[in-house]
Every structure is written in structure tokens, then in C-alpha cells.
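S.K.: Have a look; sequence and predicted model below, questions after that.
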Amino acid sequence: MFRNTFGNWFGSVRGLVVVCLFATLAPFLVAQTAETGTLMGKVVDASGAAVANAKVTAVSADTGQAQTATTGADGVYRFTLPPGNYRVKFEAAGFVSVEIPSTTVPASGAAVLDRRLEVGAQSNEQTTAKSPEKPAEPSMNDLGFPSDQTAGNAAEQARLDKRSHMLKIHQRLGLITAGALVATLVLSNGAAGKNSTASGRELHAAVGGLTAGLYMTTASFAIFAPKVPGTKTRGSIRLHKALAYIHGPGMILTPILGALAYDERNRGEKVHGIASAHGAVGTVTGIAYGAAMLSVVFKF
Amino acid sequence: MNQRILAAFWLLAPAMLFGADSQWVLGQSTLSYHVSHPLHESVGVSHQARGKGVCHAGQCDFLIAAPVKSFDSGDSNRDLHMLQVTRGAQFPMVTVRVVLPEMELTSATIHCDPEIQFAGQTARYKQVPFQREVHGSEIRITGTIPATLSDFKIDPPSLLAVPVKNDIPVRVDMTWRPQ
């Protein structure tokens, strides 16, 4: 009996195994790309006229590496830089130098930093930084943040990007799975009880198998999403994760019990023993799954 | 005659006072952003902002900064998503720079043009009103910056395939004290 039962079961879920294999591998297919950004802008004088030959220096807050550019006749300068925070200094003959303590270059696209220079007797940095008359404008250094807090971390950003990308897929597949789950529960009316038919059971089994496959795929995108070290789980996501301990085992048990029940009914027997728990386990699984979805929708 | 002298003194006193250099340091602060989604609202709060203000020759220059990851909405998953969409690991600080006439600091309502660097972008807001309250030597500033996600080229995050609203007003409550 067991050989027969499990033989049928394995036959009916062969497609499901393929789906689960895909589910396991799919998250690893998510890829990331390296990026560079642009820092550009226009240097003008008090009247708004372009300042040519102004020297613009960008110093990386992460590495301390400096790069210089010179404005053209139109006052425009341009850097191609690794993304991160930069200190930018503007110098031009006959103008007061200006230093911008922090500007950020995006991973892709351009950061625009225009500057208006005031006419000054001297064009050296002492004019702005060390003049006894004018105190320096406040900079990030004045605020005393530790450098590890202010320095950008491209690798960490890539980890967050990958995590969000995978969880976005998790969310969308979760919605599709919910639809399939509801369809399975509705179709159970034709698979059990007095009104059950062979075709009703087959349809219920097929949609149920699809639901299980979708579920495994959905779950794998959450399970294999990169973890962020040092993050303590807080808020409604805790309930969302806790409910997975109910609907996860339920999604494994329900198809197994369903296959047993399917086999018993096909032999003309009344569903008995452990197989009779199929409906109850499926219902609890469905409720736990629905509650997990609601837990992220509504704020508790 | 005495009345004229007294009136002249009161008229000139603020100018004399503000002619001198002064520096301000940010004490307590609460910065909060508000995100709206058709299904629910959420607020992320940070108390970790630091700031400094320098006033010279009637002009004040204020710089306020806070770590992006210090904003707490009460949900770690939401905060990590916020950190991701705002590129908070790559650009870990949000900074606000305000330059305004020193006389403006005496108004009950201060209008200024904050320049915000966030998520690798810079946005300037015009004539944002802030309320000012004086408590002894300290000044409490409250107001709301009408920020939007598109100002910083941030793709609106979505929940169940429904994106959040573009508006993310940032509520500011800061207490400054002279240094």
C-alpha cells in the first residue's frame, strides 16, 4: 500500500520537484553591478558670469585621495569618481577660496555642485580658513561623528540592494502564492465530501502542487536574502517570521497528507488515519499564511 | 531727550548684539520623516543629529547632520528597506545647511532656505517657515521641511506592489544653545 501510495505521490509531484529545484537556485541568479558616479558643476562669480580656469579639488573622505579639475571657459568642471563622500575646494585667482566639507557622489548618475565665488584680495586658502575676521563655516569635522559612521560603504550598499531585490521578489511571489492557495482551498470542495469526484480531486491536487511549488520559491527568496549583521528584528516582521514556523511545516505536510488521502479515495476507501488530517492541516496552514501577509500590511 | 536715547538704544541693540561673532551648538533634537502608504502610515525618528552654527557679520551658517541609519520606525525590516532605497550605506549621513541673516533668529517665525544633502543628492527648499521659542539661553526651533522622494531621486518603495506616496515631510524639533 505504501509503495503504491508513495509511487502515485512521487508521480504527481514530479513537476513540483523541478519547481522546488528552481526555487532553491533562483535566488542565486540575482546579480549586482559595480558603479561609478560623476561630480560636476559650474563656478560663477557674484554677477553670475562663468569663472574660467578655477581649480576644483575633490578629496575622498574614505581614502583621502585627491583629484583636481579645472573649469573651462564656460565655468564648468567635471569629475568621474568612485561613489562616496568628498570634500571639494574651489580656488581661482582673484577670488576667495571656498571649501565644501561634504558632498556625495552617487553610484550612478551625476551630483551637481555649483559654486559662486566672491571677489577677494587673496585667492589662497588662508583667506577662508584662517582669517581672524571670519570664522570658518561649520563642517562635518566640527560635529564629531566617528569616521566609520560618516564613511560610505559600497559593499554594504550592494548587500542591502541584493537583500531588498530578493525580498521584493519574495513579496510579489507571496501575493501570487496567496491567490493559488485560495484557489486550492476553494477547489477542496470538489475533492472531499459527498460531492467529490475524481476530476475534482485531480484538479485540487494539481493546483495544490502548484501552490506548494510557488510557496517554496517564495520562501527561498526570503531565506537566502543576505542578512545584515547587527540588526535586531523588531516590529511586525517578528510576527511575520514567527508564523513561518506554522505555515512552513504546514506547506510540507499538507501535500504529503493530500497524496495519502488522494490514494485512499482512488482505491475507493474512506480517507482514514493520518491522511484525514489533510484538511485541518491545510486550513491551519492557509490561516497562518494569511496572517503572515496581514502582519506586514497592518501596523501593530 | 532721554526717551529718544532709550529708543535709539533699543533700535541699535540687536544690531550691536548680532554684530559680534557667536556660535551655537545643537542640544536635543528630534528629526522625523513621515511615509504614507494606502494601507498604513509610518514615522521614522532620529535623536542622533548633531549641529553647529556660526554667526559672523550678521550672517549665520548652520550645519546639522544625522546618520541615515539612526532613523527608527519601530520595524527593523522597514528601516533596512529605507536604508536601501535611500542608499544609506553608501551615503550614510543626511546633512542640512542653512545660511540666514542673524536678525532672522529674533523672529518668532524664521524663514530660511535649507539645503539638504541626502541619498547622494542635494535639494534646496525655499522659504521654509520654522517656529522659534526662547527658553532662557536656548532656542527651540520646530518646523516641517516639505521633502519628497523625487527631490532625492529615490524610487518610492512599495508594499504589496503599491508604492508609498512621494511626499515625505520631515518634522524638525531642535534645541540650540550658545557655545
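M.R.: Everything's here; your move.

S.K.: From here on, just use CA atoms for contacts and neighbour counts.
M.R.: Fine.

S.K.: Next secondary structure after the lowest-mean-pLDDT helix or strand in chain A?
M.R.: When each helix and strand of chain A is scored by mean pLDDT, DSSP states H and E, helix A:125-129 comes last, with a mean of 41. Using DSSP states H and E, the next helix or strand after helix A:125-129 towards the C-terminus is helix A:140-143.

S.K.: so how far is that following helix off the chain centroid?
M.R.: Relative to its chain's centre, helix A:140-143 lies at 32 Å (C-alpha atoms, centre = their mean, to the nearest Å).

S.K.: Repeat that for stretch B:135-146.
M.R.: With C-alpha atoms, centre = their mean, you get 9 Å for stretch B:135-146.

S.K.: Let me see the contact set for the nearest residue to residue B:145 once chain neighbours are set aside.
M.R.: Spatial nearest neighbour of residue B:145, chain neighbours left out: residue B:170 (5.1 Å); criterion: C-alpha to C-alpha, 6 or more residues apart in numbering or on different chains. Counting by C-alpha atoms under 8 Å, 6 or more residues apart in numbering or on different chains, residue B:170 makes contact with B:31, B:32, B:33, B:34, B:144, B:145, B:146, B:147.

S.K.: Now, of those, which are buried?
M.R.: Listed as buried from the contacts of residue B:170 are B:31, B:32, B:33, B:34, B:144, B:145, B:147; burial here means 16 or more other C-alpha atoms under 10 Å in any protein chain shown.

S.K.: Make TSV out of those residues and add secondary structure and distance to residue A:188.
M.R.: Below are the buried ones among the contacts of residue B:170 laid out as TSV (DSSP: H, G, I helix; E, B strand; the rest coil; distance: C-alpha to C-alpha, whole Å):
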residue	secondary structure	distance to residue A:188
B:31	strand	52
B:32	strand	49
B:33	strand	47
B:34	strand	44
B:144	strand	54
B:145	strand	54
B:147	coil	51
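
S.K.: And the strands in chain A?
M.R.: In chain A, the strands defined using DSSP state E lie at A:37-45, A:55-60, A:66-70, A:76-81, A:84-91, A:98-105, A:110-112, A:115-117.

S.K.: likewise chain B?
M.R.: Shown for chain B, the strands assigned by DSSP E span residues B:22-36, B:41-46, B:50-56, B:59-67, B:93-101, B:109-112, B:115-118, B:121-124, B:128-135, B:138-145, B:158-159, B:162-163, B:170-178.

S.K.: so of the ones you listed, which one's packed in deepest?
M.R.: Compared across these, strand B:50-56 shows the largest average neighbour count, a mean of 23 (mean count of other C-alpha atoms under 10 Å in any protein chain shown).

S.K.: low-confidence ranges in chain B?
M.R.: For chain B, the stretches flagged by pLDDT under 70 are B:1-20.

S.K.: go again using 90 as the cut-off
M.R.: Applying pLDDT under 90 to chain B flags residues B:1-22, B:37-41, B:56-58, B:102-107, B:137, B:157-163, B:179.
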